[in-house]
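Asks: just a sequence and a predicted model for now, questions to come.
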Amino acid sequence: MSLSEVIAKSLRQLEKINLNEGAGHLEHPEDLVFLGDEQGARQAITQIENTIKQPGTITIKWDGYPALIFGRGKDGRFSVMDKHMFNKKDGTGRQVFSPEEFKAYDDGRQVNRGDLYSIIARVWPGLEASDRGATGFYWGDLLFSEPLVENDGIYKFKANPGGITYTVDAKSEIGHLLSDKQAAIAVHQFIPPNAMTTDEAESLNGSIGTLKQNSEVAIVPSKMPITPNLKLNSDLKKKAEAEINQNGAKVKALFQTAPQARNGFNMLFTVFVNKKIVSGDLQNLYNDFIEFVTHRKMTDSMRNKLMMHFEAHKEGIIGAFKIWIALYNLKQNVVEQLDNAAKSSPVKGFLDDGTETHEGFVANGLKFVNRMGFARQNLAARG
């Protein structure tokens, strides 16, 4: 079987275990143990290996805000919206064909998004001019919406209040792309014109599709400016495989016999680990998890059912966290290699404390993020 056939088969397996929590949502490799139990954990290792084998497919996960979907539906009319508008079941969220209609849509649901309306008004003409091709929608993250000022040969901007501060070498290819632009949007996915939800989004693999660089809004590709040279840490891989071999069956029993709908049960674990990441402490996971569920808002009946299930599957919970830690360490080793490679890139990212790092990277349908870096800062900023 060729490498491309192996990757295609792996992706089909990934789809079968329904790993997405929400439309268009990318997962952390280590969280696959919660979302797909033993099979998900093994899939995480496979996808990490595929990423290392094909470094040219890795893209930058730009930290932009807001995330916008723009383009033309089957009728050819141009629209700009967010993910929730696109996914609204009655289709009204897509029936906005001007900045005024965008605001009117929010007025109709008694929502006020403040400065967003002036931002939409500024970028709408440029996005529409850039999208003069075929029908379909592009999904991207707004990087800035006012012209950048060059300082000592560097452009500096921060799109997300709780996120990454970027610097771009003004003389680089991306620097020239941003020069004298009113705004910039980093595109990463294409959505077919007949798609019903963002679940049908397709990766642009670092390209900008059929979009044109012919307006005051720069269309920024997500492809890494340099192709990194990555190596698999065999010791960390063996550790992850050993934990799966030892605990996989217990973890599978924990999740597949849960007394709660799978999505809700999964979220107990994913929400918990995010709270632990914000705290900066990944110790004492089992006891802290039980404490977390004890105080989480739910009916007394459901809490009692969960506690009985947890008591019967204590080894499965401990095993799930052991696998999660092992996968986290394997993934983090790749993230560190990517961050080191990015240091020679004309695009650099920095946390609020000055640490040089990007939000993360995307490959094989998963996100490679330093959760103790960007993710911790961003989650803490959200409160």
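Replies: The structure has been received and is ready for your questions. Just so you know, these numbers come straight off a predicted model, no measurement behind them.
Asks: pLDDT of the helix or strand residue 263 falls within, averaged?
Replies: Take DSSP states H and E as the rule and residue 263 turns out to sit in helix 262-279. Mean pLDDT, computed over helix 262-279, is 94.
Asks: got the buried residues for whichever helix or strand comes after it?
Replies: Following helix 262-279 in sequence order, the next helix or strand is helix 285-295 (DSSP H and E). Residues of helix 285-295 classed as buried by neighbour count (16 or more other Cβ atoms under 10 Å): 285, 288-290, 292-293. All C-beta spots, glycine's among them, are computed from the backbone N, C-alpha and C.
Asks: likewise stretch 39-55?
Replies: Buried residues in stretch 39-55 (16+ other Cβ under 10 Å): 39-52, 54-55.
Asks: can you check stretch 292-309 too?
Replies: Neighbour counts using 16+ other Cβ under 10 Å place 292-293, 306, 309 of stretch 292-309 among the buried residues.
Asks: ok, so of those residues, who is nearest residue 146?
Replies: residue 292 (41.7 Å; Cβ to Cβ).
Asks: what's the burial count for the nearest residue to that closest one once chain neighbours are set aside?
Replies: Of all residues not flanking residue 292 in the chain, residue 272 sits nearest, at 5.0 Å (Cβ to Cβ, 6 or more residues apart in numbering). For residue 272, the neighbour count with other Cβ atoms under 10 Å is 20.
Asks: all further residue positions should be reported with the first residue as 39.
Replies: Right, with 39 as the first residue, what we last looked at is residue 310.
Asks: contacts only, for residue 310.
Replies: Counting by Cβ atoms under 8 Å, 6 or more residues apart in numbering, residue 310 makes contact with 326-327, 330-331.
Asks: how about JSON lines for those residues, with distance to residue 197 and pLDDT added?
Replies: Output for the contacts of residue 310, formatted as JSON lines (distance: Cβ to Cβ, whole Å; pLDDT from 0 to 100):
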{"residue": "326", "distance to residue 197": "33", "pLDDT": "98"}
{"residue": "327", "distance to residue 197": "34", "pLDDT": "98"}
{"residue": "330", "distance to residue 197": "32", "pLDDT": "97"}
{"residue": "331", "distance to residue 197": "35", "pLDDT": "97"}
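Asks: helices of the stretch 289-421 of the chain, start to end?
Replies: 300-317, 323-333, 338-350, 352-380, 414-420 (DSSP state H, counting those that start in this stretch).
Asks: redo those helices as TSV? Include distance to residue 215.
Replies: Converted to TSV, the helices of the stretch 289-421 of the chain look like this (distance: least, Cβ to Cβ, whole Å):
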stretch	distance to residue 215
helix 300-317	34
helix 323-333	44
helix 338-350	51
helix 352-380	18
helix 414-420	26
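Asks: identify, out of the ones you listed, the most deeply packed stretch.
Replies: helix 352-380 (a mean of 21; mean count of other Cβ atoms under 10 Å).
Asks: by how many degrees do that helix and helix 323-333 diverge?
Replies: 110 degrees (axes from the mean of the first three to the mean of the last three Cα atoms, to 10 degrees).
Asks: now for the helix or strand harbouring residue 164, which elements pack on it?
Replies: Residue 164 is part of helix 154-168, with elements assigned from DSSP H and E. Using 3 or more Cβ pairs under 8 Å, 6 or more residues apart in numbering; DSSP states H and E as the contact criterion, the elements in contact with helix 154-168 are strand 105-110, strand 116-119, helix 137-146, strand 221-229, strand 255-258.
Asks: what do you get if the cut-off is 7 Å, keeping everything else the same?
Replies: Helix 154-168 sits against strand 116-119, helix 137-146, strand 221-229, strand 255-258, with contacts defined as 3 or more Cβ pairs under 7 Å, 6 or more residues apart in numbering; DSSP states H and E.
Asks: what's the following helix or strand after the first one?
Replies: What it means is strand 116-119. helix 121-125.
Asks: may I see the buried residues of that next one?
Replies: Buried residues in helix 121-125 (16+ other Cβ under 10 Å): 121, 123-125.
Asks: with stretch 218-238 instead?
Replies: 219-229, 233, 236.
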